[in-house]
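Undergrad: how would this look folded up:
(chains A, B and C)
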Amino acid sequence: MPEGHTIHRLAQDYAAAFLGTAPRVTSPQGKFSDAAALLDRAALTRTEAHGKHLFLGFRGFHATDWVHIHLGLFGKVGFGAAPAPPPADTVRLRLAHRTAYVDLRGPAACALITGAEKQAIHDRLGPDPLREDADPDRAYHRVSRSRTTVAALLMDQKVIAGVGNVYRAEVLFRHGIDPYRAGRDITPAQWDALWQDLVALMREGVRNNRIDTVRPEHTPEAMGRPPRVDDHGGEVYVYRRANLPCHVCGGAIRTADLAARNLFWCPNCQRP
DNA sequence: CGACAATGAAAAA
DNA sequence: TTTTCCTTGTCGC
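TA: Numbers count the residues shown, from 1 in each chain, chains lettered A, B, ... in the order given. Take a look at the predicted model:
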């Protein structure tokens, strides 16, 4: 379940459970065994997220060793109270101490990196709406000069970090923007509104650990519709609602393949 | 730009 | 058993 809000929430949760402790570090699955041996019983001193990248900092007296984690499409993290169960052989990384454990499985990346390597990752990522140091103008600089569709640009982590397939579909709907509009046809005011909305939506996503994008006036209760039956847990306008009636205009939500990703939008509410 | 792999689990068939 | 997925790097045209 990885978009940026998930990763920022994980940074918080890793910190809450393990910051300042020196947990046992293991890699039952084996792919991270060498690094795990180096980190075993080292103090976790920092956790950080940038876009969909998670960083766990260990030791940090002279130099910090960083574990770089990217969940990819189906990486998952699970926290639990001690005693930790016998690890399944799919657990890439386990931290465990007296009272808690956390398991990571199926990540696209889990590697021990240096501070310089970490910086290189920051350098190739665009501004992240969830980070205080983010500069939305840097993103707009690229958007406003691109002939690529705004839907593709929102997914380009070099342009803006942390937005995934759900947030891009939802934020474009909320602003009535056709996903196929070219980046250079997005006005500064529109970009500012998109950015501010992403900041608010993603912060709420971190808080609730799920994506909700439907405004109060469009909830099922407010619209007199039957309660939502949804497999995702969150309340959304268009994501994975192909052929279902739009919550606002009642027209059919459309879907299309865009660079191997499923795009969803309401052609009536989102005009070219 | 499209195809595909990597790698795990849950949902759909 | 097959498909799908809130990702992305790489390969080939």
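
Undergrad: and chain A, which of its residues are near DNA strand C?
TA: A:1-3, A:6, A:51-52, A:70-74, A:108, A:155, A:157, A:164-166, A:210-211, A:232-234, A:240, A:260-262 (C-beta under 7 Å from any atom of the strand). Where C-beta positions appear, they are placed from N, C-alpha and C, glycine not excepted.

Undergrad: Now for residue A:266: which residues touch it?
TA: Contacts for residue A:266 were tallied using C-beta atoms under 8 Å, 6 or more residues apart in numbering; they are A:173, A:237, A:238, A:246, A:248, A:249, A:251, A:253, A:254.

Undergrad: So what's the gap between the lengthiest helix in chain A and the chain middle?
TA: When chain A is parsed with DSSP state H, its longest helix is helix A:188-208. In terms of C-alpha atoms, centre = their mean, to the nearest Å, the centre of helix A:188-208 is found 13 Å from the chain centre.

Undergrad: Name the residues of the helix or strand following that helix that are buried.
TA: Counting by DSSP states H and E, the next helix or strand C-terminal to helix A:188-208 is helix A:220-223. Within helix A:220-223, no residue counts as buried by 16 or more other C-beta atoms under 10 Å.

Undergrad: and whatever helix or strand comes next after helix A:220-223, what other elements does it pack with?
TA: Using DSSP H and E, the helix or strand that follows helix A:220-223 in sequence is strand A:254-258. Contact here means 3 or more C-beta pairs under 8 Å, 6 or more residues apart in numbering; DSSP states H and E; on that basis strand A:254-258 packs against strand A:261-265.

Undergrad: Who are the contact partners of the nearest residue to residue A:199 once chain neighbours are set aside?
TA: Nearest residue to residue A:199, sequence neighbours excluded (C-beta to C-beta, 6 or more residues apart in numbering): residue A:129, at 4.6 Å. Applying C-beta under 8 Å, 6+ apart, we find residue A:129 in contact with A:4, A:136, A:160, A:162, A:163, A:195, A:198, A:199, A:202.

Undergrad: what residues does the helix or strand of chain A with the lowest mean pLDDT touch?
TA: One helix or strand of chain A scores below all others by mean pLDDT, DSSP states H and E: helix A:220-223, with a mean of 83. Helix A:220-223 is contacted from outside by A:216, A:217, A:226, A:227, A:228, A:247, using C-beta under 8 Å, 6+ apart.

Undergrad: what about the closest residue to the last one other than its chain neighbours, neighbour count?
TA: Right, residue A:247. Closest residue to residue A:247 apart from its sequence neighbours, by C-beta to C-beta, 6+ apart: residue A:218 at 4.9 Å. Neighbourhood size, residue A:218 [other C-beta atoms under 10 Å]: 17.

Undergrad: how about the helices in chain A?
TA: Listed in chain order, the helices found in chain A under DSSP H are A:4-18, A:33-39, A:115-124, A:136-143, A:150-155, A:165-174, A:188-208, A:220-223.

Undergrad: Could you save those as JSON lines and add columns showing distance to DNA strand B?
TA: Putting those into JSON lines (distance: least, C-beta to the nearest atom of the strand, whole Å) gives the following:
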{"stretch": "helix A:4-18", "distance to DNA strand B": "14"}
{"stretch": "helix A:33-39", "distance to DNA strand B": "13"}
{"stretch": "helix A:115-124", "distance to DNA strand B": "17"}
{"stretch": "helix A:136-143", "distance to DNA strand B": "14"}
{"stretch": "helix A:150-155", "distance to DNA strand B": "6"}
{"stretch": "helix A:165-174", "distance to DNA strand B": "13"}
{"stretch": "helix A:188-208", "distance to DNA strand B": "19"}
{"stretch": "helix A:220-223", "distance to DNA strand B": "19"}
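
Undergrad: Go through the ones you listed and pick out the most buried.
TA: Ranked by mean neighbour count, the helices of chain A are led by helix A:165-174 with a mean of 24 (mean count of other C-beta atoms under 10 Å).

Undergrad: where's that one relative to the chain centroid, distance-wise?
TA: The chain centroid and the centroid of helix A:165-174 are separated by 13 Å, computed with C-alpha atoms, centre = their mean.

Undergrad: tell me what that helix is packed against?
TA: Judged by 3+ C-beta pairs under 8 Å, 6+ apart, the packing partners of helix A:165-174 are helix A:150-155, helix A:188-208, strand A:261-265.

Undergrad: No more questions from me, cheers.
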